[in-house]
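What follows is a predicted protein model with its sequence.
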Amino acid sequence: MPERIPKRLIIVSNRLPFQLIKQANRTEIKESDGGLVSALKSYFEGDRDGQIQFDSILWIGSAEFSEKAWMDFDKDELEKLPYTVEPIFIDKKVYHKYYNGFCNATLWPLFHYFPSFVEFDNKTFAAYEEVNQQFSERILMTLTPGDILWIHDYQLMLLPSMVRKKLPDATIGFFLHIPFPSFEIFRLLHRPWKEKLTEGLLGADLIGFHTHEYVQHFLKTVQMVKGYDHQFRTILLPDRVLKAEMFPLGIDFSKFHNAALLHQVMERKTEIKSNFADKKIIFSVDRLDYTKGITHRLAGFESFLENHPEWREKIVFILVVVPSRQIVSKYNERKKLIEEEIGGINGRYATLGWQPIIYRYNYLSFHELVSMYNVADIGLITPLRDGMNLVAKEYVASQTDRGVLILSELAGAANELGEAILVNPMDKDEMSDAILQAVLMPAETQRQKIQVLQQRLKDYTVTHWLADFLRQLEETKQHQRTQQTK
Ligand code: G6P
């Protein structure tokens with residue numbers, strides 16, 4: 001009998017899913033709360049009947065710590081993790097041009113439909129190529145037959161074809177966590193960049209997107225930039241076929257739902273509620289990002305106070321903003337705008353006993369976050385553009401009884417959460433009407449909607465997403481093999 005080749009899953013992303021935290025005289029590992037981490041855990045720990053079995057997982061990503069800190073650190077700590085890790089140490093200057101430059105001042109604004117924010121700089125593209133190249137070299141050092149490579153997100157779009165060139169038979173999946181824009185937007189990139197980015201992705205066997213629309217945009221781009229046709233989302237390259245498919249990212253539903261029932265969360269909830277007795281609570285939480293539509297949301301809330309003065313002193317908006325990408329100028333400018341706007345609204349409407357907006361610029365712990373979701377009568381999630389938006393899904397999962405989600409129709413999640421009140425995030429009067437509709441919604445209607453939404457989130461969690469992607473990747477590979485033997 002031929003010996004069985006061990007199956008290894010290699011996850012590749014810009015960030016590693018943990019940080020090194022210095023505690024007095026020792027350094028510890030702190031895992032991030034990210035969905036992919038919990039999906040991998042539940043995939044490995046849960047019932048794996050019918051799912052692809054892996055013998056091990058390796059995670060490759062850029063290091064947010066120095067090579068020295070890594071060398072000095074007690075590797076027994078790594079035993080805590082259900083995967084092995086390989087950090088890549090990138091020169092600080094190169095990383096700055098790649099991350100703050102091409103990733104977050106070029107690709108991010110363009111893919112989120114902010115073309116006027118896009119910086120065009122050949123030097124940052126060169127750094128982007130260099131970092132993708134370093135990832136590729138590291139992968140090629142470790143990749144063996146039987147490995148499944150799964151590359152994540154816009155920071156690494158050149159990587160699939162870099163690996164494919166050296167290893168034509170490799171199994172490579174790619175998932176884009178942000179929107180793939182319409183060709184009218186994508187075409188604004190400098191010609192060599194758009195060609196290289198498109199070719200880069202075509203190195204994969206399966207390319208996943210959150211929505212059907214993003215898949216269609218990508219197929220159109222491939223046709224326009226490279227001239228390759230497609231049939232039912234299968235792209236026909238001269239030497240092989242590959243697939244572009246929709247996989248709407250889910251959340252770890254029970255993690256949020258069960259946490260909402262914990263004693264400590266209940267206690268915190270009572271505490272928050274008593275601070276705002278007899279008031280409706282609106283809640284939102286986002287990374288500080290111009291794509292999240294925070295200033296537009298504030299304008300919508302102000303319209304509500306203006307249009308419905310009877311609600312003044314009876315409602316409060318708790319707005320949590322999490323620091324992000326602080327070196328990129330557009331992010332800093334946004335922070336100032338948000339804070340000015342909040343100051344203005346509070347100044348105009350506050351009374352001695354009431355402040356309309358409670359603002360926090362900080363990180364929330366997981367339990368604090370679930371308490372906030374659970375206590376909030378309304379989750380107001382209104383990005384101007386968002387690949388998916390998991391906050392909307394987390395808000396729904398954290399409800400025990402009722403709650404109303406107001407969601408931007410420009411978030412990928414709107415495709416799945418049709419029972420929410422969907423709004424145009426640019427239209428402040430529509431947002432004001434939506435807030436009124438939410439505060440007046442009968443409890444029974446809220447309960448029914450939340451139940452339907454929760455069932456949908458339970459039916460396709462992040463673990464289903466992961467299993468679905470890996471299964472289709474294997475199927476695409478098999479399909480290619482049958483095509484080759486014909
Ligand atoms: C989005 C992107 C991720 C990114 C995350 C946080 O969700 O799709 O790739 O990791 O934002 O951004 P950051 O720049 O802090 O990694």
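Perfect, thanks for sending it. Predicted model only: the values in this text are computed from it and were never measured.

can you tell me the residue of the stretch 51-200 of the chain closest to the ligand?
His177 (3.6 Å; C-beta to the nearest ligand atom). The C-beta positions use only the backbone N, C-alpha and C, and glycine is treated the same way.

how about that residue, what does it touch?
His152, Asp153, Tyr154, His210, Leu249, Gly387, Met388 (C-beta atoms under 8 Å, 6 or more residues apart in numbering).

what number of residues lie near Glu184?
11 (other C-beta atoms under 10 Å).

Which stretches in the stretch 1-150 of the chain count as strands?
Using DSSP state E, counting those that start in this stretch, the strands of the stretch 1-150 of the chain run over residues 8-15, 18-23, 26-31, 56-62, 84-88, 147-152.

Could you say which of those strands is packed most deeply?
Of all the strands of the stretch 1-150 of the chain, strand 147-152 carries the top mean neighbour count, a mean of 24, counting by mean count of other C-beta atoms under 10 Å.

Just checking: what are the partner strands of it?
strand 8-15 (parallel), strand 171-175 (parallel) (DSSP bridges).

Buried residues, the shortest one. List them.
Right, strand 171-175. Thr171, Ile172, Gly173, Phe174, Phe175 (16 or more other C-beta atoms under 10 Å).

okay, the strands paired with strand 147-152 in CSV with distance to the ligand next?
Below are these laid out as CSV (distance: least, C-beta to the nearest ligand atom, whole Å):
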stretch, distance to the ligand
strand 8-15, 5
strand 171-175, 10
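
which parts of the protein sit against the ligand?
Arg15, Asp153, His177, Ile178, Ser324, Arg325 (C-beta under 6 Å from any ligand atom).

ok, Lys30 - contacts?
Phe18, Gln19, Leu20, Ile21.

quick one: average confidence on stretch 256-271?
The predicted model assigns stretch 256-271 a mean pLDDT of 95.

now the lowest-mean-pLDDT helix or strand in the chain and strand 18-23, what's the angle there?
The helix or strand of the chain with the lowest confidence, counting by mean pLDDT, DSSP states H and E, is helix 35-45 at a mean of 74. Going by axes from the mean of the first three to the mean of the last three C-alpha atoms, to 10 degrees, helix 35-45 is angled at 100 degrees with respect to strand 18-23.

Show me where the stretch 151-300 of the chain has its helices.
Assigned by DSSP state H, counting those that start in this stretch, the stretch 151-300 of the chain shows helices spanning 159-166, 183-186, 191-201, 212-226, 253-259, 263-275, 294-307.

Make CSV from those helices and add distance to Asp55 to it.
Below are the helices of the stretch 151-300 of the chain laid out as CSV (distance: least, C-beta to C-beta, whole Å):
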stretch, distance to Asp55
helix 159-166, 21
helix 183-186, 39
helix 191-201, 28
helix 212-226, 32
helix 253-259, 26
helix 263-275, 37
helix 294-307, 45
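
Distance of Val439 relative to the ligand?
If you measure Val439 against the ligand using C-beta to the nearest ligand atom, to the nearest Å, the figure is 31 Å.

count of neighbours near that residue?
17.

which strands and helices sit next to the helix or strand encompassing it?
Assigned by DSSP states H and E, Val439 belongs to helix 428-440. Secondary-structure packing of helix 428-440 (3 or more C-beta pairs under 8 Å, 6 or more residues apart in numbering; DSSP states H and E): helix 294-307, strand 378-381, strand 404-408, strand 421-423.

mind running it again at 7 Å?
helix 294-307, strand 404-408, strand 421-423 (3 or more C-beta pairs under 7 Å, 6 or more residues apart in numbering; DSSP states H and E).

Neighbours of the closest residue to the ligand within the stretch 351-486 of the chain, how many?
At 6.3 Å from the ligand, Gly387 is the closest residue in the stretch 351-486 of the chain, using C-beta to the nearest ligand atom. Neighbour count of Gly387, defined by other C-beta under 10 Å: 24.
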